[in-house]
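Undergrad: Provide a 3D model corresponding to the input given below.
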Amino acid sequence: MAKAIFKGLLSFGLVNIPIALYNVAEPKLISFRLLHKKCKKPIKLKKYCDYCDLELKKEDIVHGIKVGNKYIEFTKEQIEALKPKGKADIEIVMFTDPIEIDDIYFDKAYYIFPIKEDKAYWLFEEVLRANNKVAIVKFIFHEKEHLGFIKPYKKGLLLRLLHYSYEIKKIESLIEEKPKIKFKKEEIELANKLLESLYSQTFKIENFKDEFTSKIEEAISKELKVKIKEEKEIKRKKETLIELLEKSVKKK
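TA: Residues are numbered from 1 along each chain as shown. Sure, this is the predicted structure:
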C-alpha cells in the first residue's frame, strides 16, 4: 500500500475525521551524479567563500536573506520561532463552486482518505458530490501554512494545493495589451485546417511519455548488460586460471 505523507484530522464542523494524504504523482526523474572521471566515484562539493578565499566548516555557516545589496542574518533559533505552529488539522474555512477557482492557482494534488473506515468521511464526500461544491481548506504542512481545496474525485476525495495570489506572476508584467492584428482570410482558413488536422475528441495522456527519460533508461539497461557480461567474463577467466593452477599442482 502507498505510504501516507501526512496524517491528521479533517475538521468538518464539530466532526473530526482522521485522514491521511497520499501523493497523486510520482515524477519519474533520473538524477545524474558528478563522478571523478578516473575512479568513477561520486565527488563532494565543498562549501567555499569566494570573498574570504576560504573553505568553510558547518559551524561557520549561517542563514541569510538578501535585501537590496545586503543580507539579513537569521539564527536557527529565530527561524524556528517564526515557523508556523499548529496541530495536524485540515481546517475547512468555506465552501464554494469549482468554477470560482482559476486553474492558474493550482499546485500539487494529493489523494485524501480516512485512516480507518469512517462514515463521516463518506458523508462529507457525498455532500460535496451531490451539491457540486468544493471545500476551501488551510493547514500546516512541511513548516508552511498551505491553502487548498477538497473535491470529490472518482472513488474518494482529492486535495489540491493552491498558490497564494501574491505568488502568481501577473500576465500584465509580460504584456501590457493584446496587439490588434488583422488576419487575411487565407491565413485564418489555413490555421483552421491545421487545427482540424490535429484535432481529436479524446485526449489520452497515457499515449504521451518523456522521450528523454525513456532513452536514458534504455541506455542504462544496455550499459548494465555490457557490465554484467564483462563481469561474467572476468569471473570465467579467474576460474580458468584456478583450474590451470590446480592441474599444474596435480602434475607435480
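
Undergrad: For the rest of this, base every contact and every neighbour count on C-alpha atoms.
TA: OK.

Undergrad: Could you report the pLDDT at the residue nearest to the spatial centre of the chain?
TA: The residue lying closest to the centre of the chain (C-alpha atoms, centre = their mean) is Pro27, at 6.2 Å. Here the pLDDT value assigned to Pro27 is 79.

Undergrad: Need the three-state assignment for it.
TA: coil (DSSP: H, G, I helix; E, B strand; the rest coil).

Undergrad: Quick one: residues contacting the spatially closest residue to Lys46 that is not a sequence neighbour.
TA: Counting by C-alpha to C-alpha, 6 or more residues apart in numbering, Glu55 is the residue found nearest to Lys46 once chain neighbours are left out, at 7.1 Å. Shown in contact with Glu55 (C-alpha atoms under 8 Å, 6 or more residues apart in numbering): Lys46, Lys47, Tyr48, Cys49.

Undergrad: Please narrow those residues to those residing in strands.
TA: Tyr48, Cys49 (DSSP state E).

Undergrad: Can I get the contacts of Glu55 in JSON lines including pLDDT and distance to Asn23?
TA: Shown next, in JSON lines, are these (pLDDT from 0 to 100; distance: C-alpha to C-alpha, whole Å):
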{"residue": "Lys46", "pLDDT": "86", "distance to Asn23": "34"}
{"residue": "Lys47", "pLDDT": "89", "distance to Asn23": "33"}
{"residue": "Tyr48", "pLDDT": "90", "distance to Asn23": "37"}
{"residue": "Cys49", "pLDDT": "91", "distance to Asn23": "38"}
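
Undergrad: got TSV for the contacts of Glu55, with neighbour count and distance to Tyr153 too?
TA: Listed next are those as TSV, based on neighbours: other C-alpha atoms under 10 Å; distance: C-alpha to C-alpha, whole Å:
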residue	neighbour count	distance to Tyr153
Lys46	9	47
Lys47	13	46
Tyr48	12	49
Cys49	11	51
